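Trainee: predicted model follows, preceded by the sequence.
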Amino acid sequence: MITNFFIPELNNHDVQELWFQQDGTTCHTARATIDLLKDTFGDRLISRFGPVNWPPRSCDLTPLDYFLWGYAKSLVYADKPQTLDHLEDNIRRVIVDIRPQMLEKVIENWTSRLDYIRASRGSPMPEIIFKM
């Protein structure tokens, strides 16, 4: 996916200021993957074994983890899709239906999480901070 889709798509954009962050999953941190991402992003790679280490408890920090996957999954599987085509249609529909106002709220929540982490000097978050 990275070599066939992601990197070619990046060629259509200015990525000089773009940072790339991924979790520490083994397939994400294979030597070939990390080398490819380092070649593309240089020091702007946040990953286990990357120039900037993946922060502990970071699922508290990333909107994809604390919001999007759970939200999308709850809607995608609501009608119990029985075929791959049905599942793919549901995924497309759910993603397209996400409204800018919802994403603005997610970003507001994300910044409050970052403020909390800065103030607590990186300690764990004692409770989930999420407001819709």
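Mentor: Yep, that arrived.

Trainee: how about the helices in the chain?
Mentor: Using DSSP state H, the helices of the chain run over residues 7-10, 31-41, 63, 69-76, 84-97, 100-119.

Trainee: roughly how far out does the helix or strand of the chain with the lowest mean pLDDT sit from the chain middle?
Mentor: Lowest on mean pLDDT, DSSP states H and E among the helices and strands of the chain sits helix 63, with a mean of 70. Centroid separation between helix 63 and its chain, computed with CA atoms, centre = their mean, to the nearest Å, is 6 Å.

Trainee: on contacts alone, who are the packing partners of it?
Mentor: helix 100-119 (3 or more CB pairs under 8 Å, 6 or more residues apart in numbering; DSSP states H and E). Where you see a C-beta, it was placed from the backbone N, CA and C, and this is true even at glycine.

Trainee: compute the inter-axis angle for the helix it packs on and helix 69-76.
Mentor: Counting by axes from the mean of the first three to the mean of the last three CA atoms, to 10 degrees, helix 100-119 lies at 150 degrees to helix 69-76.

Trainee: tell me what helix 100-119 is packed against?
Mentor: helix 63.

Trainee: list the buried residues of stretch 40-56.
Mentor: Neighbour-count burial for stretch 40-56, counted by 16 or more other CB atoms under 10 Å, picks out 40-41, 44-47, 49-50, 54.

Trainee: hmm, I typed the wrong one, I wanted stretch 75-94.
Mentor: Applying 16+ other CB under 10 Å to stretch 75-94 flags 75-76, 90, 94 as buried.

Trainee: this completes my enquiry, with thanks.
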